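okay, sequence plus prediction incoming.
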Amino acid sequence: MSLFKPAENSMAFFKAGFMGEAGSGKTHTATLVMIGLIKYLRAKEIPGSGRPVFMLDTEQGSAWIKPMFDKAGIKLEVAKTRTFKDLVPALSEAEKSASGLLIDSVTHFWGDLQESHMRKRDRTRLEFSDWAVLKRLWRDFSDLYVNSELHCILCGRLGFEYEQYEDDRGKKQIEKSGVKMQAE
């Protein structure tokens, strides 16, 4: 029996992430993309495209984008939460009942996961040994996000990557070396 089988043409589900500084247009861009995607799916009469778009709103952006959805004739349903324990169940619910999911901002869920972990350990700072636990918990979300049969767009705050180097005097320094989304 062969490990490989002929490829099949099946439904692909859109996944996207937008990162930027506060006020850079992440929510607006994500909204335009989601509306365009849903309009396209409706025009092609794709099953499920008549369902509402769900939004996990951590920054009160839903009030600002609701008129855009109204104008497009797409119902928007919102959950206002920043709690990590809500993230996986929300994604599972959206997969069953929504045409798409906006998460704005995923950075708040990542922050809540870290903060709740520190509270459980009665600490004010994360230690190296904490990262394996946090990454495993976060993977419950990220694996579901990537593999879900749902069109998903998430927004996240811009963060920086840093590298350590030794300067001309032999002192260790830290400098910005790149950008990343503030989430695992």
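Received the coordinates, thanks. Residues are numbered from 1 along each chain as shown.

what average pLDDT does the longest strand seen in the chain get?
Counting residues, the longest strand found in the chain (DSSP state E) is strand 151-166. Average pLDDT, strand 151-166: 88.

so who does the residue nearest the centre of the chain touch?
Closest to where the C-alpha atoms of the chain average out (Cα atoms, centre = their mean) is residue 154, at 3.3 Å. Residues counted as contacts of residue 154 (Cβ atoms under 8 Å, 6 or more residues apart in numbering) are 16-18, 30, 102-106, 145. Backbone N, C-alpha and C define where each C-beta goes, glycine included.

go with 7 Å
17, 103, 106 (Cβ atoms under 7 Å, 6 or more residues apart in numbering).

report how many residues lie close to the nearest residue to it once chain neighbours are set aside.
Computed as Cβ to Cβ, 6 or more residues apart in numbering, the closest residue to residue 154 that is not its neighbour in sequence is residue 103, at 4.0 Å. Counted with other Cβ atoms under 10 Å, the neighbours of residue 103 add up to 27.

run me through the strand neighbours of the helix or strand where residue 103 lies, direction for each.
Assessed by DSSP states H and E, residue 103 sits inside strand 100-104. Partners of strand 100-104 in the sheet, by DSSP bridges, are strand 53-57 (parallel), strand 151-166 (parallel).

thinking again about what came up before, quick check: next helix or strand after the longest strand of the chain?
Defined by DSSP H and E, the subsequent element after strand 151-166 is strand 172-181.

partners of that following strand in the sheet?
By DSSP bridges, strand 172-181 pairs with strand 151-166 (antiparallel).

ok, back up a step: ok, the residue nearest to residue 154 - contacts?
Taking Cβ under 7 Å, 6+ apart, one finds 56, 154-155 in contact with residue 103.

reformat the residues you listed as TSV; add distance to residue 134.
Below are those laid out as TSV (distance: Cβ to Cβ, whole Å):
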residue	distance to residue 134
56	20
154	18
155	21
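
which of those residues lies closest to residue 84?
residue 56 (11.1 Å; Cβ to Cβ).

quick check: closest non-adjacent residue to that closest one.
residue 103 (4.7 Å).

also residue 52?
Residue 52's closest residue in space is residue 75 (Cβ to Cβ, 6+ apart), at 3.7 Å.

tell me how many other residues crowd the residue nearest to residue 93 when sequence neighbours are not counted.
Nearest residue to residue 93, sequence neighbours excluded (Cβ to Cβ, 6+ apart): residue 54, at 7.5 Å. Residue 54 has 25 neighbouring residues, counting by other Cβ under 10 Å.

check the one 4 residues further on too.
For residue 58, the count of nearby residues is 21 (other Cβ under 10 Å).

that one touches residue 84, doesn't it?
No: counting by Cβ atoms under 7 Å, residue 84 is not a contact partner of residue 58; they are 11.1 Å apart.
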